[in-house]
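1. Pasted the sequence and its predicted model underneath.
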Amino acid sequence: MRLGGSVMKPCSSPKEWLTHVKELGYSAVVFPVTSDAPACVIRDYAACCRDNDLLIGEVGAWRNVMHLDPAERERNIEYNIRQLELAEEVGANCCVNISGSVSELWDGYHPSLDSAEVYERIVMNTRRIIDAVKPVRTAYTLEPMPWMCPESPEQYLQLMQDVDRPCFKVHLDYCNMLNSLDRYRHSSAFITRCYELLGEHIVSIHAKDVKLADGKLPININEVPPGAGTIDLPLVMRLSHALGEDTPVFVEHLPDHEAYMKAAAIMRAAAEKAGVPVK
């Protein structure tokens, strides 16, 4: 298994970026430049990864392909296509986005997100993005979200069947699917089910922690830094390692370099407790 995360310190070159990556102890990375970067910059960062045995776990494509404005929606779909092309060029495990929202917020809740019409649009958008690139070295993925498809491992499997493209794979974020008291209360069983149902399709993992906020009614489950919540992190590391020694596991949503240093150390300790190696 490989551990990775974001690099928060500013950098102006692959050499400087690599210094930060090594300080964090990462062996997997989020590709640090986007498709609109000069070709030479993309090549230099890709070469840096290749020459230093850094697995490019993901290329982000965080744009709302369900945007209410048709022109903005089209721009966002085109951006996802370009980011998937970038992932293919640099040999990333995946290009990742969320399925999108029809609310005012790009990742916000809306009642119609559960409708057959929205589901069909997700299927068609995903097919369009994949078919524009036809990748063979990478995958296109949709990170699960609490209130949008896919919000369960079973729904992810159904979505894969309906998209019907071999390069549509799984980006696992189990915490984003802990959207009920039952799933929170039985989080270890739920996480295990995610790995059991989706394991052969998983190409990247966000390893996070959550905690129920006492006194916040009716229910408030918050994402917290690794080790500050109730997730069985050794279980996560053991299940991730079982997928293969190059499976990328990422920490995320932390405020600064020091927080990422601490989170990476906690995840390595969890792996040690589970008896599994981290590259």
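-> Perfect, thanks for sending it.
2. contacts, neighbours, all on C-alpha from now
-> Will do.
3. Now do the same contact list for the residue nearest to Gly60 when sequence neighbours are not counted.
-> Distance criterion Cα to Cα, 6 or more residues apart in numbering; nearest residue to Gly60, sequence neighbours excluded, is Val96 at 5.2 Å. Counting by Cα atoms under 8 Å, 6 or more residues apart in numbering, Val96 touches 58-62, 140-143, 171.
4. again, but for Phe250
-> 3-5, 28, 204-207 are the contacts of Phe250 under Cα under 8 Å, 6+ apart.
5. any idea which helix or strand carries Gly4?
-> Assessed by DSSP states H and E, Gly4 sits inside strand 2-5.
6. about what we covered before: for the contacts of Phe250, give me CSV that also has neighbour count.
-> CSV is the format used below for the contacts of Phe250 (neighbours: other Cα atoms under 10 Å):
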residue, neighbour count
Leu3, 26
Gly4, 27
Gly5, 27
Ala28, 26
Ser204, 26
Ile205, 23
His206, 20
Ala207, 25
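7. Counting neighbours, what do you get for Glu104?
-> Neighbour count of Glu104, defined by other Cα atoms under 10 Å: 11.
8. helix/strand/coil for it?
-> Three-state assignment for Glu104 (DSSP: H, G, I helix; E, B strand; the rest coil): coil.
9. Quickly note the distance from the residue of the chain most remote from its centre to Ile221.
-> In the chain, the residue that sits farthest from the middle, by Cα atoms, centre = their mean, is Gly215; the gap is 30.5 Å. Counting by Cα to Cα, to the nearest Å, the gap from Gly215 to Ile221 is 11 Å.
10. Next, work out how far apart Val136 and Asn93 are.
-> 11 Å.
11. likewise Met160?
-> 17 Å.
12. Those two: which has the busier surroundings?
-> Asn93 (26 against 19).
13. check contacts around the more buried one.
-> 56-58, 87, 137-139, 203-204.
14. and if you look at Leu157?
-> 197-198.
15. Just the CA coordinates for the helix or strand that contains it, please, in CSV.
-> According to DSSP H and E, Leu157 maps onto helix 153-163. This file holds the C-alpha atoms of helix 153-163, laid out as CSV (Å, rounded to 0.1, in the frame of the first residue of the first chain):
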residue,chain,number,x,y,z
PRO,A,153,-21.4,0.5,-2.4
GLU,A,154,-24.5,-1.2,-3.9
GLN,A,155,-25.4,2.0,-5.8
TYR,A,156,-21.8,2.3,-7.1
LEU,A,157,-21.9,-1.3,-8.4
GLN,A,158,-25.3,-0.5,-10.1
LEU,A,159,-23.8,2.7,-11.6
MET,A,160,-20.8,0.8,-13.0
GLN,A,161,-23.2,-1.7,-14.6
ASP,A,162,-25.3,1.1,-16.2
VAL,A,163,-22.4,3.2,-17.4
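16. Look at Val210 and tell me its secondary structure.
-> Strictly by three-state DSSP, Val210 counts as strand.
17. separation between it and Glu89?
-> 35 Å.
18. For the two, indicate the residue with more neighbours.
-> Under the criterion of other Cα under 10 Å, the comparison of Val210 against Glu89 puts Val210 first, with 21 against 16.
19. which non-adjacent residue is nearest the more buried one?
-> Glu223 (4.4 Å).
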